[in-house]
Structure formats: structure tokens, C-alpha cells
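Trainee: Kindly return the folded structure for what I paste below:
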Amino acid sequence: IVKAMEQQKSKLAMHRLGCEAIWRFAKDDEESRERIRKAVGVSALMESIKVAHKHGQTLRYALEVLTMLMEDDGDCSEEIAQKLRQEDLQTALKLHMKDLPMIHAVMGFLGKLAEVAPRNLLLIKEGGWLVDYLRKVMEYNGEDCEVQVAGMEILQAKIHVDEVRNSMCLKAGMKAVVTAMTRLADRPEVVEVGLKTLITIALKHQELRHMLRDIGGIEAVLKVLREHATSILVQEAGCNALLALMQDNEINRTRVKEGGGIDAVIAAMRMFASDAVLVTAGCDALGWLGWEDAHSQGEIREMGGINAVMRAMKTFKMYPRVQEAGCRALGRLGRRNRVSQAKIREDGGIELVVEAMQTHHMSLLLHNVGCRALQYLAENNEESCSKLRELAKKVSTS
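Mentor: Here you go, the predicted model:
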């Protein structure tokens, strides 16, 4: 079959019949798929994408077989990515924008390409058109959870490994993610992938954090945190998304506070106090929310945020990442705020910081964070300085 397709590669009828025959052999039969690979079926299928791009069913057969081949043997994904002619795929996708079975085949193919090795997406040059395709497909199929999840996963992988140069195109892609999270807010599988995609985008560049704010990304995150209060996966991803959006961005921090972000983070830390990943993100998020803002520091203190941070540090004493985040949060929440400094001192916060530095004495980062926290808690505060002097007599530490 492969030989016939290669010999008559310009004839559409041969590709239509050949792709269907190969698909029927490949489906549910690993041995046949191995024979297809050995017969250099990848090249024949790539030719089919070019010749039969107007014939949706043939194109779907070709993409589904290529996806199956990658599932069996991840190594062949690089060969597929290298042989994939961008213009052929681009032309084919534009012609079948509203063909749902075709869209599922495309999403499965691109998703598997990214899953096996995200760097494969680097071989799809000028990635702006791919982002635009994902946006349009997600828009046309707004109620299809499978399409939304697949589209966001591919977009996340593409942004993670590559700079998409067209900022307007990327902004449209981000809008599609926010729209999916808002429209399908009751579907945790959509929300979770959406949050992870926003994290990838926000951590990429400061400018993208501004864009996400402008298109309602912060409100979307806060909404799903409220609606999925009992889902640990959504709460973890949501706290990390807020953290990514707030880093070094005062305007975003203000927007998070105004939208009830302080309450959302503290509620998550209370609900899932035994989850190290969540409380780490929660501690860092509270630290940013209270950074150089006396009013927010007071609000966090009154709502139990300081207690939540110290509870996390007591629960996960052997987890350096939790201790780092806890020390950082206590320092930021107490900085230039005598009431919060007193609360932290009286509840044993200074001892917790010193204990963390002793327990993890080999961690340069934790000592850096711990020293900075002690500085913030003790500056212009004689009571805290006295507490440190007492501790210095009891412990031996560099």
C-alpha cells in the first residue's frame, strides 16, 4: 500500500484509498503500525497531507495514523516534526476549521507531538498562525470540553518552548483561554488546564502579565477559586496562577486584592493545610499581597493569614521549599508594621524562622530568605531585637 502511494503520489484517489487502508490496519494493531513505520509510511502520510488537503476524511486518517505511531514510538515524533511541511498543514487546517472530527484529529496530533517532546513544536516555524488556528477552533467549538482542553495544552506547550513574536496574535490566544475558563467554569478539567496555561504565559514575560490583566485573566482565576473551593488541583493551580500574575507587578496585586484574592488564598490554605504544594504557593502569594502595603498587611493579619503561614511552617518543617516561602511571607507581612511584627513575635514566628535556618543549614537560599525575614521583623523594633538576642544565647548559628 505504501509503495503504491509513493509511486502514484500525485493522484488524490490513491491517497484517499491508501490512507483509509493504512488507518484500518493501524487501528488496534500494534504489529501493523510497526510494519507501517518500517515501510517508511511516515513519508507517504506526509505526502497525503499535501495532496489530499481538501479531502477532510483522508486528512483525518493520515493525522490519526501519525498520532498512533507517536504513541507507540516517541522517537518517531522528531522525524514527523521535521518532515511536516508547515504550509501543507496550514492550508489543510484552514479548509476544515468547522469539521469537528477533523478538529479532534488535529488536536490529537499536535497534542501528541507536544507531549512526546515540546521542542517538536519549535520545528513548526512562525508559530503565530498555529496560535491563531487554536484560537479560532476554540471559539467555534466553545462548548466542547475536549477541544478546549486540547487547544490550551498545545498553546501552553508552544509558549513554553518558543517566543510567539506576534503579541496581538498571542493576546487573542490568551483571550481564548480566559473565555474557556469563564464559559466552562463548572468543568474542573477545563479550569485546571486553563490555570496552568495562564501560569506558563504569566511567567514568560512581564508584558504578558499586563495583557492577562487587561483581558480579565485575574477575575477568571478568582472566579474559579471560589467555584471550586473543594478541588485541591484547582486550588493549587489557582494559587500558583495568582502568584505568577502578581510577581513584580503592583497593578496586578491591587487588582487581586480588590477582587477578594486575600480571602481566596487564606481559604485555600485552611481547606488544604496538609498539601505542601498549595501552602507553598499560598505563603508566597500572601507575601506579595502584603508587600509594602500596611492596609493589606493588617487585613491578612486579621483574616488569619499570618496564622496560616506559621501553621504551614510547623506542619512541613522538613520541606525546604515550604520553609523558604514561609520565611519570605513572615518577613514581608511584618515589614514596617509594628502590629504585625508584634503578632509574629508573640506567636513564635521569629523562632520558626531561626529553626528553619538551623534545620536546613545547607540551603544558601533559605539562609538568604531567613536573614532577610529577621531583618524585616526586627528593624526599628526593640522588642523583636531583644527576642533575637535571647535566641542568640540559646543557639549556635552562623
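
Trainee: show me where the stretch 51-200 of the chain has helices.
Mentor: 56-72, 76-83, 86-95, 100-116, 128-140, 145-161, 167-183, 188-204 (DSSP state H, counting those that start in this stretch).

Trainee: can you redo those helices as TSV with mean neighbour count, mean pLDDT and distance to N381?
Mentor: All C-beta atoms are positioned from the backbone trio N, CA, C, and that covers glycine. Converted to TSV, those look like this (neighbours: other Cβ atoms under 10 Å; pLDDT from 0 to 100; distance: least, Cβ to Cβ, whole Å):
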stretch	mean neighbour count	mean pLDDT	distance to N381
helix 56-72	23	92	61
helix 76-83	17	81	59
helix 86-95	16	80	62
helix 100-116	21	87	52
helix 128-140	20	86	51
helix 145-161	22	88	44
helix 167-183	20	89	43
helix 188-204	23	94	35
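
Trainee: what's the closest of the ones you listed to E236?
Mentor: helix 188-204 (8.8 Å; Cβ to Cβ).

Trainee: quick check: angle from that closest one to helix 167-183?
Mentor: Here helix 188-204 runs at an angle of 150 degrees relative to helix 167-183 (axes from the mean of the first three to the mean of the last three Cα atoms, to 10 degrees).

Trainee: CA atoms only: put helix 188-204 into CSV for me.
Mentor: The C-alpha trace of helix 188-204 is given here as CSV (Å, rounded to 0.1, in the frame of the first residue of the first chain):
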residue,chain,number,x,y,z
PRO,A,188,-12.7,21.3,36.6
GLU,A,189,-10.8,19.6,33.8
VAL,A,190,-11.0,22.7,31.7
VAL,A,191,-10.3,25.1,34.6
GLU,A,192,-7.2,23.2,35.7
VAL,A,193,-5.6,23.2,32.3
GLY,A,194,-6.6,26.9,31.8
LEU,A,195,-4.9,27.9,35.0
LYS,A,196,-1.7,26.0,34.1
THR,A,197,-1.7,27.7,30.7
LEU,A,198,-2.1,31.2,32.4
ILE,A,199,0.8,30.3,34.7
THR,A,200,3.1,29.5,31.7
ILE,A,201,2.1,32.7,30.0
ALA,A,202,2.5,34.9,33.1
LEU,A,203,5.9,33.6,33.9
LYS,A,204,7.2,34.1,30.4
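
Trainee: tell me how far it is from the chain's mean position?
Mentor: Put simply, helix 188-204 sits 4 Å off its chain's centre (Cα atoms, centre = their mean, to the nearest Å).

Trainee: how much does it deviate in direction from helix 145-161?
Mentor: Going by the same axes, to 10 degrees, helix 188-204 makes 20 degrees with helix 145-161.

Trainee: In the helix or strand just after helix 188-204, which of the residues would be classed as buried?
Mentor: With elements assigned by DSSP states H and E, the helix or strand that comes after helix 188-204 is helix 206-214. Of all the residues in helix 206-214, those buried under the rule 16 or more other Cβ atoms under 10 Å are 208-209, 211-213.

Trainee: so where is this protein shaky, pLDDT-wise?
Mentor: Within the chain, the stretches with pLDDT under 70 are 119-128, 161-167, 396-398.

Trainee: Find the nearest non-adjacent residue to the residue positioned nearest the centre of the chain, please.
Mentor: Closest to where the C-alpha atoms of the chain average out (Cα atoms, centre = their mean) is K196, at 2.4 Å. Distances taken as Cβ to Cβ, 6 or more residues apart in numbering place A237 nearest to K196, at 5.7 Å, with adjacent residues excluded.

Trainee: Helix or strand: which one has that neighbour?
Mentor: Here A237, judged by DSSP H and E, is contained in helix 232-246.

Trainee: helices or strands next to that helix in the packing?
Mentor: Using 3 or more Cβ pairs under 8 Å, 6 or more residues apart in numbering; DSSP states H and E as the contact test, the elements touching helix 232-246 are helix 188-204, helix 206-214, helix 217-227, helix 250-258, helix 261-271, helix 276-289.

Trainee: how about a cut-off of 6 Å?
Mentor: Applying 3 or more Cβ pairs under 6 Å, 6 or more residues apart in numbering; DSSP states H and E, we find helix 232-246 packed against helix 188-204, helix 217-227, helix 250-258, helix 261-271, helix 276-289.

Trainee: Give me whichever of these is most buried.
Mentor: Comparing the helices and strands packed on helix 232-246 by mean neighbour count (mean count of other Cβ atoms under 10 Å), helix 276-289 ranks first with a mean of 26.

Trainee: any idea of the angle that one forms with helix 261-271?
Mentor: 150 degrees.

Trainee: for helix 276-289, packing partners?
Mentor: Checking 3+ Cβ pairs under 6 Å, 6+ apart, helix 276-289 ends up next to helix 232-246, helix 261-271, helix 305-315, helix 320-334.

Trainee: quick one: that helix to chain centroid distance?
Mentor: Relative to its chain's centre, helix 276-289 lies at 16 Å (Cα atoms, centre = their mean).

Trainee: how much space is there between the residue lying closest to L203 once chain neighbours are set aside and V354?
Mentor: Ranked by Cβ to Cβ, 6+ apart and with sequence neighbours excluded, the top spatial neighbour of L203 is A244, at 5.1 Å. Noted for A244: a distance of 30 Å to V354, by Cβ to Cβ, to the nearest Å.

Trainee: okay, those two: which has more neighbours?
Mentor: Taking other Cβ atoms under 10 Å, A244 and V354 do not tie; A244 has more neighbours (24 against 21).

Trainee: Help me confirm that that one comes into contact with I201.
Mentor: No - contact criterion Cβ atoms under 6 Å: A244 and I201 do not qualify, at 8.4 Å.
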